[in-house]
Structures are given as C-alpha cells and as structure tokens.
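[1] return a 3D structure for these sequence lines:
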Amino acid sequence: MRETTTVRREPRLRPVRPAGWWFDAVLLAGLVTLTAALAAGHLFGLDRAVADWSDAHRPTVAYWVARILNYLGQGTPLTLIAAGLGALLAVRLRSVRPLLPPVAGFAATYLTIGPLKVWTARPAPSASAQEPFLPPERTLPLFQDDLPLRFAQSYPSGHVANAIVWYSVIALLLAPLLRSYGRAMPTRLVTVVRFVPPLVVLCTTTYLGWHWLTDSVAGLLLGLLLDRLLHRVPWDDVPLPGAVDRWNRPFTSYP
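    Residues are numbered from 1 along each chain as shown. Below you'll find the model as predicted:
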C-alpha cells in the first residue's frame with residue numbers, strides 16, 4: 001500500500017487595497033512626520049482652534065449624543081466582542097483558526113498604542129479644565145514626562161486606532177459566522193462595519209475635547225497601518241501545531 005502525505009499550501013499574503021507596501025510606507029511616514037512636527041511645536045494652532053470651536057459649539061444634546069456614539073471606540077468591549085465571535089465560530093467550525101485574528105488584534109494594539117502614548121506623554125485638551133488643571137498652553141506639547149502617567153496619554157488616540165483594528169476583525173469574523181448559519185453578509189455591510197464606526201469615533205473624540213485633532217489623525221494613521229498588516233495574514237494557511245490537526249479547518253474560505 002502506497003503511503004499518502006498531506007500537502008499543505010504555502011502561506012501567501014492576502015491582497016490589500018491599495019495593493020503593495022507603498023501605502024503602508026505612506027501611513028508610517030505620515031505618522032512619523034506628524035509626531036516630529038508636534039515635537040517641534042508645530043500644528044498647535046490648528047489643534048487649539050479645533051478644540052476651541054468644539055468647546056463653543058457643544059450644547060447639552062450634542063454632547064450626550066457624541067458621548068454615547070464615542071462608546072463605539074471602547075477597546076475592551078470591542079476586544080471581548082471580537083473574542084466572543086471568534087470563539088463561537090471556532091465551536092461551529094471545530095477549528096482554532098477563528099481565534100487567531102482576535103489574538104493578533106490584541107497583540108497589535110497592545111504593543112503599539114499603549115507604548116506610543118507613554119513615550120509621547122501628551123495631555124488631552126480637557127487637562128486645562130479638570131485635573132491636573134494645566135495652563136492651556138501646556139496641554140499641547142508632547143514629551144511631558146514630569147506629569148503623572150494618567151494625565152499624559154492623549155497621543156495617539158487609542159479610541160480611533162482601536163476602532164479601526166477591531167471593527168476590521170469583527171467584519172472578518174462576521175462574514176464566515178453568518179455563512180455557517182446559511183446566510184451571506186453583503187459586501188456593503190462589511191464596508192459599513194469596517195469604516196463607519198471609526199469615522200464616528202474620530203469625530204466624536206475630537207468634538208468632546210478628549211483628544212486633539214492631531215491625536216485623532218495619528219490614531220487614524222496607526223490604525224490603518226495595523227489594519228493593513230493584519231489584513232495581509234493568510235489566516236487559513238498559518239502553520240499550526242500538529243496537536244490541533246482535528247481543529248485546523250479554514251474559516252475565511254470553506255467548506
């Protein structure tokens with residue numbers, strides 16, 4: 001009897017749009033350039049103008065609407081939702097692969113957003129109106145390491161970056177999960193899930209004065225960069241230990 005062997009596909013990066021690494025380089029260069037400009041004291045006038053306009057045009061109703069919508073960018077609930085979707089899909093397909101995107105998303109955000117906030121040490125606009133009650137001009141610069149950590153974690157916006165990464169992971173898991181129930185997820189709905197919540201979060205977190213405009217732009221650049229890196233991962237072909245061979249079914253393309 002001839003012995004048969006299982007041939008595994010060679011992992012290949014998934015396509016992204018726009019294609020190529022040039023756009024990743026543009027996003028990274030934009031983030032570096034923005035950070036350098038702020039470190040040199042530039043763009044403070046723009047940040048202050050946007051923050052002052054928001055303060056002057058924030059009636060009670062608008063404030064609460066923006067505050068409620070801003071919950072769309074809460075990192076911990078988004079992480080739990082993505083993990084829950086991954087676990088449900090893993091059980092339905094008898095595969096550990098749906099758990100990989102939430103784990104990778106958590107690692108990507110945890111290893112980038114937090115350290116950048118600590119390193120840049122920038123207060124939020126609201127730091128002049130509440131504790132630690134800084135003079136307005138002192139709320140703008142980066143690298144204020146003399147402040148307690150909890151008062152200097154504004155740059156980049158974690159809400160915006162988290163929203164981009166986690167809604168992309170959620171959309172990635174929702175499509176095969178609905179397919180496992182015999183339903184299809186419209187392409188337009190995938191686009192809405194991926195892009196609308198992050199845009200809402202970017203606008204609300206700036207409007208509420210919880211972040212400077214440049215904080216939100218930095219979060220946008222970082223989030224898009226992380227999203228493109230995660231989107232390239234060939235989740236169905238990532239090598240896994242032999243111990244999980246029975247739970248090794250693909251999930252982005254099946255049966």
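
[2] below-threshold pLDDT in the stretch 101-250 of the chain: ranges please.
    By pLDDT under 70, the weakly predicted segments of the stretch 101-250 of the chain are 245.

[3] what about 90?
    126-133, 136-137, 146, 149-150, 180-182, 184-187, 190, 237-250 (pLDDT under 90).

[4] and the helices in it?
    Applying DSSP state H, counting those that start in this stretch to the stretch 101-250 of the chain gives helices spanning 113-120, 158-180, 187-207, 213-231.

[5] what would these look like in JSON lines with distance to L147 and mean neighbour count?
    No exception for glycine: its C-beta is placed from N, CA and C like everyone else's. Formatted as JSON lines, those follow (distance: least, C-beta to C-beta, whole Å; neighbours: other C-beta atoms under 10 Å):
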{"stretch": "helix 113-120", "distance to L147": "11", "mean neighbour count": "16"}
{"stretch": "helix 158-180", "distance to L147": "17", "mean neighbour count": "24"}
{"stretch": "helix 187-207", "distance to L147": "20", "mean neighbour count": "18"}
{"stretch": "helix 213-231", "distance to L147": "16", "mean neighbour count": "23"}
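
[6] using a markdown table, lay out the ones you listed together with distance to A51.
    Output for those, formatted as a markdown table (distance: least, C-beta to C-beta, whole Å):
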| stretch | distance to A51 |
| --- | --- |
| helix 113-120 | 18 |
| helix 158-180 | 16 |
| helix 187-207 | 8 |
| helix 213-231 | 8 |
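
[7] L13 is nearest to which of those?
    Comparison of the helices of the stretch 101-250 of the chain against L13 by C-beta to C-beta identifies helix 213-231 as nearest, at 9.4 Å.

[8] and the angle from the closest one to helix 113-120?
    With axes from the mean of the first three to the mean of the last three C-alpha atoms, to 10 degrees defining the directions, helix 213-231 sits at 140 degrees from helix 113-120.

[9] tell me what helix 213-231 is packed against?
    Contacts defined by 3 or more C-beta pairs under 8 Å, 6 or more residues apart in numbering; DSSP states H and E place helix 213-231 against helix 22-39, helix 44-56, helix 100-110, helix 113-120, helix 158-180, helix 187-207.

[10] contact partners for the nearest residue to L220 once chain neighbours are set aside?
    Spatial nearest neighbour of L220, excluding adjacent residues (C-beta to C-beta, 6 or more residues apart in numbering): V160 at 5.5 Å. Going by C-beta atoms under 8 Å, 6 or more residues apart in numbering, V160 touches 73, 198, 201-202, 205, 211, 216, 219-220, 223.

[11] now do 10 Å
    73, 113, 198-199, 201-206, 211, 215-224 (C-beta atoms under 10 Å, 6 or more residues apart in numbering).

[12] same check on K117?
    So K117 contacts 149, 152-158, 215 (C-beta under 10 Å, 6+ apart).

[13] if any of those are buried, give me the ChimeraX selection for them.
    Applying 16 or more other C-beta atoms under 10 Å to those, the buried members can be selected in ChimeraX as follows:
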select :152,153,154,155,156,157,158,215
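
[14] in TSV, list the contacts of K117 along with distance to G84.
    Shown next, in TSV, are these (distance: C-beta to C-beta, whole Å):
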residue	distance to G84
L149	30
A152	33
Q153	27
S154	30
Y155	31
P156	27
S157	25
G158	21
D215	29
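
[15] residues in contact with the nearest residue to W166 once chain neighbours are set aside?
    Leaving aside its chain neighbours, W166 sits nearest to L78 (3.7 Å; criterion: C-beta to C-beta, 6+ apart). Contact analysis of L78 by C-beta under 10 Å, 6+ apart lists 71-72, 102, 105, 109, 159, 162-163, 165-167, 169-170, 197.

[16] so which helix or strand takes in L78?
    Assigned by DSSP states H and E, L78 belongs to helix 75-93.

[17] alright, calling it a day.
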